[in-house]
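1. Provided below are the primary sequence and the corresponding predicted coordinates.
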Amino acid sequence: MMRRALPIAAALLAGLLGFWLTLNWTPGFIMSRAMEKMESSGAVTNAAMHAPPITEASRNVVRPSPDILYSICPFDLSQGPLLIQARWPRSGSYASISVYDSRTNNIFTLNDRDLGRAPAIWLDRPDAEAAPDGTITAESPTEAGLVLYRRIVEDPSMLPRADAERRSFRCDAQTR
């Protein structure tokens with residue numbers, strides 16, 4: 001009986017350890033690698049960076065979408081909150097802002113269909129003071145993370161206008 005119990009116990013322990021590592025270590029590792037890659041490509045913390053339009057040669061992500069313009073903003077709330085602003089498309093095309101914490105969890109998403117006016121999002125820690133009037137509050141459980149702005153371009157002839165609208169996306173550090 002003992003000869004069978006030891007391998008079963010070892011397999012269960014290995015399975016539990018693998019499960020724990022997958023859930024607790026892997027997301028943070030993935031996000032830290034993504035942040036390192038962004039920093040090496042010139043991204044600045046608490047500032048928006050606008051990626052060039054996707055082409056068939058683009059391979060920063062596994063399967064990039066050529067009809068989406070991307071902007072990113074790595075954030076660090078240790079010094080204060082972040083004011084996120086963008087102008088929604090006037091053409092009726094889809095745009096969204098998503099916030100991810102340092103463990104790759106999507107903690108906030110807003111799109112132009114949910115909100116008809118241009119957003120001003122106040123991103124801060126959960127224990128922080130109240131956000132200013134006229135802003136939408138988003139709380140991050142971690143001090144670091146990533147804000148992603150996506151803008152769909154259905155008609156290639158609209159690319160210059162869509163790119164100009166997308167470049168209105170800003171992330172500005174605020175003082176406490």
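-> Cool, the structure landed.

2. For residue 128, see how far away the closest residue to residue 111 other than its chain neighbours is.
-> Spatial nearest neighbour of residue 111, excluding adjacent residues (Cβ to Cβ, 6 or more residues apart in numbering): residue 96 at 3.9 Å. (Glycine included, C-beta is placed from N, CA and C.) Distance of residue 96 to residue 128, given as Cβ to Cβ, to the nearest Å: 24 Å.

3. what does residue 136 give?
-> When distance is defined by Cβ to Cβ, residue 136 is 14 Å away from residue 128.

4. quick one on the thing from earlier: the helix or strand where the residue nearest to residue 111 lies: which residues count as buried?
-> Counting by DSSP states H and E, the element that carries residue 96 is strand 95-101. Residues of strand 95-101 classed as buried: 95-97, 99-101 (neighbour count, 16 or more other Cβ atoms under 10 Å).

5. In terms of secondary structure, what does that strand contact?
-> In this structure, strand 95-101 packs against strand 106-111, strand 120-124, strand 144-152, with contacts taken as 3 or more Cβ pairs under 8 Å, 6 or more residues apart in numbering; DSSP states H and E.

6. Sheet-wise, list the partners of that strand with their directions.
-> Next to strand 95-101 in the sheet, as set by DSSP bridges, lie strand 106-111 (antiparallel), strand 144-152 (antiparallel).

7. Give me whichever of the ones you listed is most buried.
-> Most buried of those, by mean neighbour count (mean count of other Cβ atoms under 10 Å): strand 144-152, with a mean of 20.
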